[in-house]
Every structure is written in C-alpha cells, then in structure tokens.
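>>> Got a predicted model here, sequence first, then my questions.
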Amino acid sequence: MPDTSEEEKDIKEDQQASEKLLEDNKPKAAKKKQKSASGKMKEMAEKMAQMQAGMEMEMMEENLDNLRDIMSNLITLSFDQENLMKDFRNVNQSDPRFVDLSQQQLKLKDDAKVIEDSLFSLAKRVFQIEAFVNREVGDMNQKMDEAVEAIKERNQAVAIGKQQFAMTSMNNLALLLDDVLQQMQQQMADAMGKPGKGKGKKKGPSLGDLQQQLNQKIEQLKKSGKGGRELSEELAQMAAEQEMIRNAMKEMSEKLENGNGGKKDGTSKEIMQKMEETETDLVNKQITQETIERQKEILTRLLQSEDAMREREMDEEREAEKAKVYRNEVPKIFEEYIKLKEKEIEMLRTIPLKLKPYYKQEVTEYFKRLEK
C-alpha cells in the first residue's frame, strides 16, 4: 500500500488548526481548514483505492499465469504418461528397453510431485476445488505408485492398467483447471468492461491496451522462429488472450445495445469477427502477414470504438446533470382534504343558526376569511 504518512500529518495539522480557530471564535477560518482536511482525506482515500485496484488486477493476472503453467504441466504429464503406456505395450520383458522405460515411469512420478505441490497451493486459495483436487491428486499418486510396483514385478498388464487410471486423474484435473481458467478470464473481462465511477478512480487496462500488447506478442513470436511445444504453448496462450478480449467486448456491446433501445452495434460485431479469425489462425499455428495486418485493423477500430463509447458516456453524464422541470401540483391526498373541508363549510352556511347579532357578524367574517 502507498505511504500516506505525509498526507496523514497534513490532515492532522489542518484539524488541529481548525480546533484552535474555533476556540479563538473564528468560524470562517476554521471552516476553511476543515474543508482542506476533508479534501486531503478524500485524495488519500482515492490514492489508496487506485493502488488497491491495481494490486487486485496484478494478483488476478499472476494467478491466471500460474494456472496456465499448472495446466500446461498437467497436459504435458498426461501426454508423456500416454506415450510411455504405449511403449510398454510394445516391449518384451526381456528387452533391455524395459529397464529404461521403468526409469521413465519413476521420472514421471517425480514430475507429478512438482505439479502436486502447485495444485495444493492453488486449492488453498480456491477452496471450492479443494476436495476435488485432493481426491484426484491422491488417485493419481496411488495409481502411479502401483504402476511402479507392477513394473518392478514385471507385470506389464497391471502396470499398463494403472498407468491408464493415473492418466485419467491427470485429465480430470486438467478439465477442472480449464473451467477455473475460463471463470477467471470472465472475471477479468467483467472487471475491464465496467466503466469507472468518479474522476479519482483508476481503471484497469483498457481493451485497446490489451489488444496492443497482444499484437506486439504476435509480431515478436512471428520473428522469433520458435517451434515445437514452446511455439504451441505460446500460440494457445495468445488465442486465449484474444478470446478474453473478444468476450469483454461482446459484453460491453450488449450493454450498449440494451441502453440504446436494442439498436445493434455493427462496428463491434465486425471487430469481434476479425478477432475470431485471428483465434483460428493462432490455433492452427498460421501467423501470416495477413494476420498481422488484421491485428492492426482490429486495434485501430477498437480504439475508435472506445473513443465513441467514452463520448457517449460523457453526453449521458451531461444530460443527467440538467435541471428537471417539476409541475407545481397539489398532492392527491391534499385535494381530497380540501374538497372535504369545502363541503363542511358549505354545510355550515346552509344550516340556519340562531345567534345574536354580534356572533352572526363574527361567523360571517370567519367564512370570508376561509374564502381568501
């Protein structure tokens, strides 16, 4: 959190000065000091809110990166276990390769231990998945231990069966993490899609900023010449980022349509279609010059769309600040009371009263006053 000691000191000085001025019977000067202290307190609160919002966004991005790493490691472990299982099916017990494959199973068990620690750490932060993670990790470890024991006893059929069960637990965990990843991406999209209220509130990075960062990553990857698994992982991550931006834009577009009487936003729809084309290119490992040019067009049109949205929000704020004209109407309940009162007065007038001249004059004056 930011250091607010100087601000707190200034506020305390203003408050003390205000108290002294009140004691000296100088209310106007004291009011100025109170106003100054109040303004500084507001600035300090806004500064802390900005810092907190930034920290929350950074923490969410960090958790998202950690989750992607765990998923990537789990998928890699599952593929390695599947390949090893196929190798065991095609090897004889007398083959020297049998010992090498046994060593590979022990190595996979060590790799699983690293993933296990990461999964338990994640489950502590997300208590909703803790029971599932504990169960599946326990099953995975048990089946891998049983596979190692079966290999030691040269029982291939049992070993292969245990490897299959271990791989099932790995896949179950990967599917769970994929669901969690989708939810976190949606939360980030929601956080970025909500417009900030008030001048002092700091917004997270805009969709334009995120799109620009993604474009730079795609261009750098195209020039890097990477290949194999490393290339596949980076492309998959970029496709997920583009999907997250598209989902955030879709949500913003729907909100604008609802606030605009259901009128469709054709520009946003075209941008989202181009984003989907990019996602397809990334998934198919096809980063061409056409992809780069399309990304530039997406960024340009996205920035223009954001500018239009900001102008519309400002127009709505100005319109909301206009003074409203109210009709000077008597509430219905008072209308009924007035009518009832008039009936009572009319009734009194029609009833002949046997009064002395003085009191008759007083009653007449009373009715005249009521009519005014």
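Yes, it's here.

>>> How about the contacts made by the residue lying closest to Asp80 once chain neighbours are set aside?
Excluding its sequence neighbours, the residue lying closest to Asp80 (CB to CB, 6 or more residues apart in numbering) is Leu108, at 5.9 Å. Quick note: C-beta positions are derived from backbone N, CA and C, even for glycine. Counting by CB atoms under 8 Å, 6 or more residues apart in numbering, Leu108 touches Leu77, Asp80, Gln81, Leu84, Met144.

>>> where's the second one, which helix or strand?
So the one you mean is Asp80. helix 27-89 (DSSP states H and E).

>>> which helices and strands does that helix pack with?
Other elements packing on helix 27-89 under the criterion 3 or more CB pairs under 8 Å, 6 or more residues apart in numbering; DSSP states H and E are helix 5-23, helix 97-125, helix 156-193, helix 228-259.

>>> rerun at 6 Å
helix 5-23, helix 97-125, helix 156-193 (3 or more CB pairs under 6 Å, 6 or more residues apart in numbering; DSSP states H and E).

>>> May I see those organised as JSON lines, with distance to Asn134 and mean pLDDT added?
Compiled in JSON lines, those are given as follows (distance: least, CB to CB, whole Å; pLDDT from 0 to 100):
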{"stretch": "helix 5-23", "distance to Asn134": "45", "mean pLDDT": "75"}
{"stretch": "helix 97-125", "distance to Asn134": "7", "mean pLDDT": "86"}
{"stretch": "helix 156-193", "distance to Asn134": "11", "mean pLDDT": "80"}
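
>>> Just send the contacts of Leu108 back as CSV, with pLDDT and neighbour count too.
Formatted as CSV, these follow (pLDDT from 0 to 100; neighbours: other CB atoms under 10 Å):
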residue, pLDDT, neighbour count
Leu77, 89, 22
Asp80, 90, 17
Gln81, 89, 25
Leu84, 89, 20
Met144, 91, 25
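
>>> Leu177: which of the residues you listed is nearest?
Here the nearest of those to Leu177, counting by CB to CB, is Leu77; it sits at 12.6 Å.

>>> Please report how far that closest one lies from Glu290.
Distance, Leu77 to Glu290, using CB to CB, to the nearest Å: 36 Å.

>>> Please apply the same query to Lys40.
Look at Lys40 and Glu290: by CB to CB, they are 55 Å apart.

>>> go on, Ser118?
According to CB to CB, Ser118 stands 38 Å off from Glu290.

>>> With neighbour numbers in mind, choose between these two.
Ser118 (15 against 11; other CB atoms under 10 Å).

>>> Give me the distance between stretch 221-233 and the centre of its chain.
Distance of stretch 221-233 from its chain centroid, counting by CA atoms, centre = their mean, to the nearest Å, is 30 Å.

>>> Now do that stretch, average pLDDT.
The pLDDT scores in stretch 221-233 average 78.

>>> got the buried residues for that stretch?
Buried residues in stretch 221-233, counted by 16 or more other CB atoms under 10 Å: Leu221, Glu233.

>>> For burial, what's the neighbour tally of the residue lying closest to Glu276 once chain neighbours are set aside?
Nearest non-adjacent residue to Glu276, counting by CB to CB, 6+ apart: Arg246, 6.8 Å away. The tally of other residues near Arg246 (other CB under 10 Å) stands at 22.

>>> Surely Arg246 touches Met275?
Yes - look at Arg246 against Met275 with CB atoms under 6 Å: they come within range, at 4.3 Å.

>>> Figure out the helix or strand that Lys226 lives in.
Going by DSSP H and E, Lys226 is not in any helix or strand.

>>> how far away is it from Leu235?
9 Å.

>>> residue contacts, Leu64?
Counting by CB atoms under 6 Å, 6 or more residues apart in numbering, Leu64 touches Met184.
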